[in-house]
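K.L.:
pasting the structure only:
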């Protein structure tokens, strides 16, 4: 599909993006499987491992360590896993082929997906903070606004990565790859346990990946340490690269 839209087919871009974002959000919320992955699993990890302290979380209380990691997990689960799988099957069944016949350009489609993910993640983050505060005794040291900004940055980054995967692979391959990548990221990124428990090269790799970097940046924010420049730059770098590649390579049809 050409990126040039004939003049007679052009529509106001912002209303079109917002309309598509509402549709994408509706599809995410209606999917029970997606909600289990994006909401149930992160909250389950937070509650269970805060109460049953079996993971190495350093010298701090488990909930203090786990909450930033759980926020990062929510971002990856929604932006990478849910978006990649949903989009891949929309592509397989011809839904995106119909969308490609509309005036909505690929870049606007990416933005709409990211907006939908961001809106869902705001709700998920509020729920996680509420569970930690009301149920697990967590008290913020500061940085709530910064943490929310980092969640939104992560939403853009992981949505672009999910779309990049969905645009490059067939639906069944995307299903397997998205879940496999997510599990690998959980193991090496140090978001649910102290990364010092890993071999040094593996821990270093985890911090160079977007989930580990996002978890570190969120931990610094919620601990009141301000912005962690290097991890934030890592997340932003992954996001810029993924957006550029997705806009350039994403195809409406398999």
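P.N.:
Sure, I can see it. Note that the coordinates shown come from a computational prediction; the quantities given were computed from them, not determined experimentally. Residues are numbered from 1 along each chain as shown.

K.L.:
give the contact list for residue 113.
P.N.:
21, 24, 83, 87, 159, 162-163 (Cβ atoms under 8 Å, 6 or more residues apart in numbering). (Glycine included, C-beta is placed from N, CA and C.)

K.L.:
Just after the worst-scoring helix or strand of the chain on mean pLDDT, pick out the following helix or strand.
P.N.:
Across the helices and strands of the chain, mean confidence by mean pLDDT, DSSP states H and E is lowest for helix 32-35: a mean of 72. Downstream of helix 32-35, the first helix or strand assigned by DSSP states H and E is helix 41-51.

K.L.:
Show me what that next one is packed against.
P.N.:
Contacts defined by 3 or more Cβ pairs under 8 Å, 6 or more residues apart in numbering; DSSP states H and E place helix 41-51 against helix 62-76, helix 106-130, helix 136.

K.L.:
Mind putting those into a markdown table with distance to residue 99 and mean pLDDT?
P.N.:
Output for the helices and strands packed on helix 41-51, formatted as a markdown table (distance: least, Cβ to Cβ, whole Å; pLDDT from 0 to 100):
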| stretch | distance to residue 99 | mean pLDDT |
| --- | --- | --- |
| helix 62-76 | 25 | 92 |
| helix 106-130 | 7 | 91 |
| helix 136 | 42 | 90 |
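
K.L.:
out of the ones you listed, deepest packed?
P.N.:
For the helices and strands packed on helix 41-51, the largest average neighbour count (mean count of other Cβ atoms under 10 Å) is found in helix 62-76, namely a mean of 27.

K.L.:
Check which residues of the next helix or strand after it are buried.
P.N.:
Note on helix 62-76: by DSSP H and E, the next helix or strand toward the C-terminus is helix 83-92. By 16 or more other Cβ atoms under 10 Å, the buried positions in helix 83-92 come out as 83-92.

K.L.:
got it, and stretch 16-25?
P.N.:
16-17, 20-21, 24-25.

K.L.:
Any chance you could list what contacts that stretch?
P.N.:
103-104, 108-109, 111-113, 115-117, 119-120.
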